[in-house]
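1. Requesting a structural model of the entry that follows:
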Amino acid sequence: MNNSIKRSVAQSAKNAGFREWEVSFSETGSFETRFFNREMSQYKNSRLSSLTFRGVCLGKTGYAATELMTDSSIDEIIRKARANADITDGDAETLYKGADSYPDAPAYDEKLEGVSDAEKVALCAELEAAAYSADERVKSVDYAVMSTQKTSFTIINDRGLDISHMANSAYAFVSARVESGGETKVDGDFWFDNDIDALNVQEIAKNAVSRAVSQFGAKPVKTGEYSIVFENMAACSLIGAFASAFYAENVQTGLSLLKGRVGERVFADFINIRDDARMAASPANVAFDTSGVPASNKSLVTGGVLKGFLYSLKSALKDGFAPTGNGFGNGTRYTHFYLVPGSEAISSVVKNACDGLLITELSGIHAGANAVSGDFSLLARGFVIRSGIICEPTEQITVAGNFYDMMRDARNIGGDLRFTPGAARVGSPSVHVGALKVSGE
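-> The predicted structure follows:
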């Protein structure tokens, strides 16, 4: 945001009668290309910017936003914000004045910005070709994707706050379809980072094809109770579905069973859950939330004991606590929400499970998981475990249980921590959770 726009906002806000005001400016540049059937099927290059104004006038708060960055458009959104304030019910919101200091949160890699669009297209084509050549049973690559994103975000207010954050990232994904003996299986793999030198298209393609091929011969197991190990990405799906139980606003409104349990043991004593705004070499690192509150690294569960919740500025003021820097937009959001890994390899976790199932994929999360009660019933696929050895694949099964009970009765965790891609990331190692109900044949 240039100085001309800042001066224009300050003068217009004063003229409109706002005694307190805040303005945020965001800009996102995105590139994406896709390949299908050895041809480029999609090419997108876009840029989006927006300016959001929030101000307090006569004890009321008004909002307005625009995608135009001219003096006249700024005057217009401030007039709209004033009109909205005049008809708004309730007390004025508290605007954050700013902190004395903000953490360093590196999330931008200059080298990534130097990669041309043509080079990204070539990488995508290489990714698709690698999948085709990984195994003769690959009959098609449903799609190969290569995308990049660059974002910048600035907040200024009438009290002198003027902070900015910049991040960029790259994402690659491939989905391979394999056929053998009349069977067709599909699976994929991804990579997400901003270190372009870390991208290995051969490895991604190999993993995707290997996962697909491993499913040949899959069939349902008999209905019953099984000792369950969730592979890391399946565990991410499940843990992410219940992350909102740690949002203070949900605790305050009775939408979390963790209400009133801070200081109690809620999970197994080796379970540690964190939400860290900054992690080593992550493109999702943030220095502050969209209210301007410094984003922090914090423990939510330590040794199975609940330590606290994720607070936006609004929910923190309600409880009289310090905000944790998790206020994004009009609500709460995690940054890197993850189950802290142990030290064992997944082979050791599986061996300790002895007989049961290794679940590698869950689906139907939105419909099959109740974030309030903790109950879940989800479609799954994976492998049978016999005597601690991964054996034949299984599919078309449903795994059911309760998240809180599962985490309380968990048996073991691995060291294979992996995160989902995106600005808000969920991470988990593989987890042996004990016995769950499985519906099959």
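2. Render the CA-only coordinates of the helix or strand of the chain with the lowest mean pLDDT in PDB, please.
-> Ranked by mean pLDDT, DSSP states H and E, the weakest helix or strand in the chain is helix 3-16, scoring a mean of 85. Output in PDB follows, covering the C-alpha atoms of helix 3-16 (Å, rounded to 0.1, in the frame of the first residue of the first chain):
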ATOM      1  CA  ASN A   3       1.800   6.400   1.000                       C
ATOM      2  CA  SER A   4      -0.700   8.200  -1.300                       C
ATOM      3  CA  ILE A   5      -3.400   5.600  -0.500                       C
ATOM      4  CA  LYS A   6      -2.600   5.800   3.300                       C
ATOM      5  CA  ARG A   7      -3.000   9.600   3.300                       C
ATOM      6  CA  SER A   8      -6.200   9.400   1.400                       C
ATOM      7  CA  VAL A   9      -7.700   6.800   3.800                       C
ATOM      8  CA  ALA A  10      -6.600   8.900   6.900                       C
ATOM      9  CA  GLN A  11      -8.200  12.100   5.500                       C
ATOM     10  CA  SER A  12     -11.400  10.400   4.300                       C
ATOM     11  CA  ALA A  13     -11.900   8.600   7.600                       C
ATOM     12  CA  LYS A  14     -11.400  11.900   9.600                       C
ATOM     13  CA  ASN A  15     -13.900  13.700   7.300                       C
ATOM     14  CA  ALA A  16     -16.500  10.900   7.800                       C
END
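3. Residues in contact with that helix: which ones?
-> The contact list for helix 3-16, computed with C-beta atoms under 8 Å, 6 or more residues apart in numbering, reads 21, 23, 25, 51, 53, 55, 57, 69, 71, 74-75, 78-79, 81-82, 156, 158, 162. All C-beta atoms are positioned from the backbone trio N, CA, C, and that covers glycine.
4. if we go to 10 Å?
-> 1-2, 18-23, 25, 51, 53, 55, 57, 62, 69-83, 85, 154, 156-158, 162 (C-beta atoms under 10 Å, 6 or more residues apart in numbering).
5. Take those residues and keep only those in helices.
-> 71-83, 85 (DSSP state H).
6. Of these, select the buried ones using a PyMOL command.
-> Per 16 or more other C-beta atoms under 10 Å, the buried members of the ones in helices among the contacts of helix 3-16 correspond to this PyMOL selection:
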select buried, resi 74+75+77+78+80+81+82+85
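7. In JSON lines, list the ones in helices among the contacts of helix 3-16 along with distance to Asp100 and pLDDT.
-> Formatted as JSON lines, the ones in helices among the contacts of helix 3-16 follow (distance: C-beta to C-beta, whole Å; pLDDT from 0 to 100):
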{"residue": "Asp71", "distance to Asp100": "33", "pLDDT": "71"}
{"residue": "Ser72", "distance to Asp100": "37", "pLDDT": "80"}
{"residue": "Ser73", "distance to Asp100": "34", "pLDDT": "85"}
{"residue": "Ile74", "distance to Asp100": "29", "pLDDT": "87"}
{"residue": "Asp75", "distance to Asp100": "33", "pLDDT": "89"}
{"residue": "Glu76", "distance to Asp100": "35", "pLDDT": "92"}
{"residue": "Ile77", "distance to Asp100": "30", "pLDDT": "93"}
{"residue": "Ile78", "distance to Asp100": "29", "pLDDT": "94"}
{"residue": "Arg79", "distance to Asp100": "34", "pLDDT": "94"}
{"residue": "Lys80", "distance to Asp100": "33", "pLDDT": "95"}
{"residue": "Ala81", "distance to Asp100": "29", "pLDDT": "95"}
{"residue": "Arg82", "distance to Asp100": "31", "pLDDT": "95"}
{"residue": "Ala83", "distance to Asp100": "35", "pLDDT": "94"}
{"residue": "Ala85", "distance to Asp100": "30", "pLDDT": "92"}
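8. Report the rounded mean pLDDT for stretch 186-200.
-> Mean per-residue pLDDT for stretch 186-200: 98.
9. buried set for it?
-> Residues of stretch 186-200 classed as buried under the neighbour-count rule (16+ other C-beta under 10 Å) are Asp187, Gly188, Asp189, Phe190, Trp191, Phe192, Asp193, Asn194, Ile196, Leu199.
10. Just the element for the second one, please.
-> Put plainly, it is Gly188. strand 183-193 (DSSP states H and E).
11. Neighbouring strands of that strand in the sheet, and parallel or not?
-> Strand 183-193 pairs in its sheet with strand 162-180 (antiparallel), by DSSP bridges.
12. Could you pull out the strands in the stretch 251-400 of the chain for me?
-> Assigned by DSSP state E, counting those that start in this stretch, the strands in the stretch 251-400 of the chain fall at 273-276, 297-302, 305-306, 327-328, 331-332, 336-339, 356-363, 375-386, 389-402.
13. any idea which of these is most buried?
-> Of all these, strand 336-339 has the most neighbours on average by mean count of other C-beta atoms under 10 Å, namely a mean of 24.
14. what does that one rub up against?
-> 232, 235-236, 239-240, 243, 246, 267, 271-279, 282, 284-286, 297, 300-301, 310, 326, 407, 410, 413, 417-420, 424-429, 431.
15. Work out the sheet partners of that strand and label each with its direction, please.
-> strand 273-276 (antiparallel), strand 425-428 (parallel).
16. Mean pLDDT added to those strands, as JSON lines?
-> As requested, those are exported to JSON lines (pLDDT from 0 to 100):
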{"stretch": "strand 273-276", "mean pLDDT": "98"}
{"stretch": "strand 425-428", "mean pLDDT": "98"}
